[in-house]
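J.: Pasting the sequence and the predicted model now:
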Amino acid sequence: MILSLFCGAGGLDLGFEQAGFEIKLAFDIRKPAVETYNHNRIVHSKNAFVKDISTLTIDEIDLFYGGEFNPIGIIGGPPCQSFSISNTTYSEDDKRHSLPLKYAALLKKLNNRNPIHFFVFENVPGLKSKRHIEKYNEFKRSFENAGFTISEILVNSINYDVPQNRERLFIIGLNKEIYQNKKIEAPIKTSKKVGTVKTTIAGFPEPIYYSKWNKGEVIPYHPNHWCMTPKSKKFTTTGALVPGSAIGRSFRTLHWDKPSPTVAYGNREVHIHPSCKRRLSVYEAMLLQGFPHSFEFKGTMSAQFSQVSEAVPPPLGRAIALKIKESCNI
């Protein structure tokens, strides 16, 4: 059984479940993300709870579980915006910088109580940048001090059946006593052919615009097939937007015959549909992240886009999970 920290909507968790692992407990500070997580699981498996990980204790973990909780693995990645190379509002006082150390502290305490076989820590490659390298090395030392041999893996989602160029950094640790300083290599690429925007979202009916949606109304086709109302004159000016081009971060237009650039949505920064007439719907965005068609996000439109943006693509999570099963014979 697995403990998930900073679970978000559950992209990484879904990948681990697809690989045969069972997530017994999951925590995240954001209520909409937890609602999404539980909504997409069977009635008796709603194991996600709203909790600030920075204050989470082992006693509380046991209380949520209903007994002493001894997982074989811990997975998750703290919010990564503060470590992104695109972050222009960087602050040394950002409270999110301490979350990896909290992750390591919980890992150590749980491992001291009952041996944990592995952990998976996911974040942005920017964590290894010159600006953050000292913190990064501190995080690695804390994981090693918890009793684990560390492997650093840099992978691109496009190589694992996700139609998106999205690099991610994984720190994977194996218990030193159980696996004798064994390390893990990156999973073998699973994509036989690079997916494109066209092969993923072409042919859908037009989504509902937010301004035309009445609260309580069922959104046709898929509950998340809604999008921002186009307001900029660029959407109605011929030639103002061209597929495959980018005008700053706010007007990055997708190309039908190419994979999507990294899904990283901020305020008014949702990618433009290849038609150049509107931004992507939440549903289209989640498919470009590798979520299954049956998945449904909860919360406001803004909350849904944030959940999609911050998720680990499930197919990538599955590849990582299978590599761990293979390497550890679990």
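T.: Cool, the structure landed. Worth saying up front: this structure is predicted, and the values here are computed from it rather than measured.

J.: Please enumerate the strands of the stretch 151-300 of the chain.
T.: Remark: strands assigned in the stretch 151-300 of the chain by DSSP state E, counting those that start in this stretch are 167-175, 208-209, 226-227, 246-247, 251-252.

J.: how about those strands, which one is nearest residue 319?
T.: When the strands of the stretch 151-300 of the chain are compared by C-beta to C-beta, strand 167-175 sits nearest residue 319, at 10.3 Å. Every C-beta, even on glycine, is put in place using the N, C-alpha and C of the backbone.

J.: Run me through the strand neighbours of that closest one, direction for each.
T.: Strand 167-175 has the following sheet partners, assigned by DSSP bridges: strand 118-123 (antiparallel), strand 148-156 (antiparallel).

J.: So, low pLDDT: which residues of this protein?
T.: Per-residue confidence for the chain (pLDDT under 70) gives these ranges: 43-44, 80-97, 216, 266-268.

J.: right, and the strands of the stretch 151-300 of the chain - which one's nearest residue 10?
T.: The nearest among the strands of the stretch 151-300 of the chain, by C-beta to C-beta, is strand 167-175 at 16.1 Å.

J.: Which positions in that closest one come out as buried?
T.: 168, 169, 170, 171, 172, 173, 174, 175 (16 or more other C-beta atoms under 10 Å).

J.: how far away is the fourth one from residue 49?
T.: According to C-beta to C-beta, to the nearest Å, residue 171 stands 25 Å off from residue 49.

J.: before we move on, what about the last one?
T.: Using C-beta to C-beta, we find residue 175 at a distance of 26 Å from residue 49.

J.: where does residue 200 sit relative to residue 245, distance-wise?
T.: Taking C-beta to C-beta, one finds residue 200 at 20 Å from residue 245.

J.: Please identify which of those two sits among more neighbours.
T.: Neighbour comparison, residue 200 and residue 245: the larger count goes to residue 200, with 18 against 13 (by other C-beta atoms under 10 Å).

J.: Please name the nearest non-neighbouring residue to the more buried one.
T.: Excluding the flanking residues, the one nearest residue 200 by C-beta to C-beta, 6 or more residues apart in numbering is residue 163, at 4.7 Å.

J.: rewinding a little: buried deepest among the strands paired with strand 167-175, which one?
T.: Among the strands paired with strand 167-175, ranked by average contacts under mean count of other C-beta atoms under 10 Å, first place goes to strand 118-123 (a mean of 24).

J.: what element comes up after that strand heading to the C-terminus?
T.: Per DSSP states H and E, the first helix or strand lying C-terminal to strand 118-123 is helix 133-145.

J.: I'd like to know which elements that following helix is packed against.
T.: Under the contact definition 3 or more C-beta pairs under 8 Å, 6 or more residues apart in numbering; DSSP states H and E, helix 133-145 sits against helix 99-113, strand 118-123, strand 148-156, strand 167-175.

J.: how does it look with 7 Å?
T.: The contact analysis (3 or more C-beta pairs under 7 Å, 6 or more residues apart in numbering; DSSP states H and E) places helix 133-145 against helix 99-113, strand 148-156, strand 167-175.

J.: which parts of it are buried?
T.: 135, 136, 139, 140, 142, 143.

J.: now it and helix 99-113, what's the angle there?
T.: 10 degrees (axes from the mean of the first three to the mean of the last three C-alpha atoms, to 10 degrees).

J.: May I have helix 133-145 as CSV, with CA atoms only?
T.: Extracted C-alpha coordinates of helix 133-145, given in CSV (Å, rounded to 0.1, in the frame of the first residue of the first chain):
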residue,chain,number,x,y,z
ILE,A,133,21.0,23.9,-6.7
GLU,A,134,21.9,24.5,-3.0
LYS,A,135,18.3,23.7,-1.9
TYR,A,136,18.2,20.7,-4.3
ASN,A,137,21.4,19.3,-2.8
GLU,A,138,19.9,19.8,0.7
PHE,A,139,16.8,17.9,-0.3
LYS,A,140,18.8,15.0,-1.6
ARG,A,141,20.9,14.9,1.6
SER,A,142,17.7,14.8,3.6
PHE,A,143,16.3,11.9,1.6
GLU,A,144,19.6,10.0,1.9
ASN,A,145,19.6,10.6,5.7
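
J.: circling back: pipe the helices and strands packed on helix 133-145 into TSV and attach distance to residue 269 per row.
T.: Shown next, in TSV, are the helices and strands packed on helix 133-145 (distance: least, C-beta to C-beta, whole Å):
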stretch	distance to residue 269
helix 99-113	24
strand 148-156	21
strand 167-175	18
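
J.: and of the ones you listed, who's closest to residue 123?
T.: strand 167-175 (5.3 Å).

J.: what sits up against that closest one?
T.: Applying C-beta atoms under 7 Å, 6 or more residues apart in numbering, the contact partners of strand 167-175 are 115-125, 127-128, 140, 143, 147-157, 182, 184, 312, 316, 320, 328.

J.: Would you mind measuring from the residue nearest to residue 200 to residue 32?
T.: Residue 163 is 25 Å from residue 32, by C-beta to C-beta.
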